[in-house]
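Q: my questions are about this predicted structure, shown below with the sequence.
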Amino acid sequence: MKMEVEIITTQNIKPSSPTPEHLKIFNLSLLDQLIPSPYAPLIFFYPTTTTILDIPKRVDLLKKSLSNTLTHFYPLAGKMRDHFSIDCNDKGACFIQARVNCHLKRFSHST
């Protein structure tokens, strides 16, 4: 059986409240400037232990939680302006919901 990943949705999740004007530019520390790349994609796997009807509720809860978190960690919802600062423009963080046609255990061992 060939393993296929189906992208269900892709969207930017914005902070639940806007970043104050005086915090719109976030200056990176010298240490932050020296690291190769601050981009760190994360993938979270959640097994389906409930009915299909519960999945949209869980996804909505994850999106709301991410939105609330981005309010407190506002640079993560922005964009690198140059090598020295982040434009905290509240564009959001990329949220992708996907489905794989196999068991989570098999998928995680094949990557």
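A: Perfect, I can see it now. Numbering: from 1, shown residues only.
Q: now the longest helix that the chain contains: buried residues?
A: Ordering each helix of the chain by length in residues (DSSP state H) puts helix 55-72 first. Residues 66-67, 70 are the ones in helix 55-72 that count as buried (16 or more other CB atoms under 10 Å). (Each C-beta comes from the backbone N, C-alpha and C, glycine too.)
Q: now the helices for the chain?
A: Counting by DSSP H, the chain has helices at residues 30-34, 55-72, 104-110.
Q: Serialize those to TSV and add fields for mean pLDDT and distance to residue 12.
A: Shown next, in TSV, are the helices of the chain (pLDDT from 0 to 100; distance: least, CB to CB, whole Å):
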stretch	mean pLDDT	distance to residue 12
helix 30-34	87	23
helix 55-72	92	10
helix 104-110	67	25
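Q: so for residue 9, which of those sits nearest?
A: Set against residue 9 and scored by CB to CB, the helices of the chain come closest in helix 55-72, at 8.1 Å.
Q: so which elements touch the closest one?
A: strand 5-13, strand 93-100 (3 or more CB pairs under 8 Å, 6 or more residues apart in numbering; DSSP states H and E).
Q: what ranges in this structure fall below the confidence cut-off?
A: Along the chain, the model assigns pLDDT under 70 to residues 1, 37-40, 46-53, 104, 107-111.
Q: quick check: closest non-adjacent residue to residue 15.
A: Leaving aside its sequence neighbours, residue 15 sits nearest to residue 70 (CB to CB, 6 or more residues apart in numbering; 4.0 Å).
Q: I'd say that neighbour and residue 91 touch.
A: No: using CB atoms under 8 Å as the test, residue 70 is too far from residue 91 to be in contact (10.2 Å).
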